[in-house]
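K.L.:
Please work out how this folds:
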Amino acid sequence: MINKFVNSVAEAMADVRDGAVVLVGGFGEVGQPRALIDGLIEHGARELILVHNNAGVGQFGLARLLELGRIRKVICSFPRSSGSVVFQQLYKEGKIELELVPQGTLAERIRAAGAGVTAFYTPTAAGTKLGEGKETRQFNGKLCVLEHALYGDIALVEAWCADRWGNLTYKETGRNFNPIMATAAKLTVVQTHHTMQLGALDPESIITPGIFVDRIVHIPNGNAPSSWST
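P.N.:
Model (predicted):
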């Protein structure tokens, strides 16, 4: 019987290795798998490469990972956002690397990894500092730069609901980066607010098919419809 649920966050995070490329879903705090991030902190893996929309805020979650010196490099679109004090200080001191990627390009690099597209051309960043050193080519008179797919060793994803096969749904803007990251990593770990019996999910509502999911942890949320099993 296929059952991808595990008993704890620690069990879900057991195979994270030093130096891993970690894709973390969420747009800011929305759709961010906070329990899995805390589990990564407890796990203790080091020299990680973090791929996320931003570089964390305050001194908790992703920012705490940075503060503990666990992150070697950040690949993101918004390293400086409201409350992102930890990254700024580390970068100023030369203690962390940054790869700045325009948000649309970041999303497409991740999506490409999941779709088996190894590289693609885009006009975004052409002729700017972000495009320096990259291969270029003109299409219909427009200069484009070559961008490479962005693969992860592990993806940390937040879902709204899951069944034991790993089929996932998302709630509203919580969808953001989560579905594409789920397809782009060797190991996809999910925290879900709610669970459903196998076959109860409307097939038209499933955004991430279970074939992309390896492990699921149920982190309860109290707002489930009565027909859901929580």
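
K.L.:
buried residues in the biggest helix by length in the chain?
P.N.:
In the chain, taking DSSP state H as the definition, the longest helix is helix 103-115. Residues of helix 103-115 classed as buried by neighbour count (16 or more other Cβ atoms under 10 Å): 105-114. For every residue, glycine as well, the C-beta is placed using N, CA and C.

K.L.:
Helices along this structure, start to end?
P.N.:
In the chain, the segments counted as helices under DSSP H are 9-12, 34-43, 62-67, 85-92, 103-115, 178-183.

K.L.:
buried residues in the first one?
P.N.:
When neighbours are counted by 16+ other Cβ under 10 Å, the buried residues of helix 9-12 are found to be 9, 12.

K.L.:
re earlier: output the helices of the chain as CSV; include the columns distance to Glu135 and mean pLDDT.
P.N.:
Formatted as CSV, the helices of the chain follow (distance: least, Cβ to Cβ, whole Å; pLDDT from 0 to 100):
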stretch, distance to Glu135, mean pLDDT
helix 9-12, 38, 96
helix 34-43, 34, 96
helix 62-67, 31, 94
helix 85-92, 27, 92
helix 103-115, 14, 98
helix 178-183, 24, 98
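
K.L.:
who wins for proximity to Leu198 among those helices?
P.N.:
Closest to Leu198 of the helices of the chain is helix 178-183 (Cβ to Cβ; 18.8 Å).

K.L.:
Who are the packing partners of the closest one?
P.N.:
Applying 3 or more Cβ pairs under 8 Å, 6 or more residues apart in numbering; DSSP states H and E, one finds that helix 178-183 contacts helix 103-115, strand 152-162, strand 185-195.

K.L.:
before we move on, back to that, which stretch among the helices of the chain comes nearest Tyr151?
P.N.:
Nearest of the helices of the chain to Tyr151, taken as Cβ to Cβ: helix 103-115 at 4.5 Å.

K.L.:
For the closest residue to Ser205 other than its chain neighbours, the count of nearby residues, please.
P.N.:
Ranked by Cβ to Cβ, 6 or more residues apart in numbering and with sequence neighbours excluded, the top spatial neighbour of Ser205 is Thr169, at 5.1 Å. Thr169 has 20 neighbouring residues, counting by other Cβ atoms under 10 Å.
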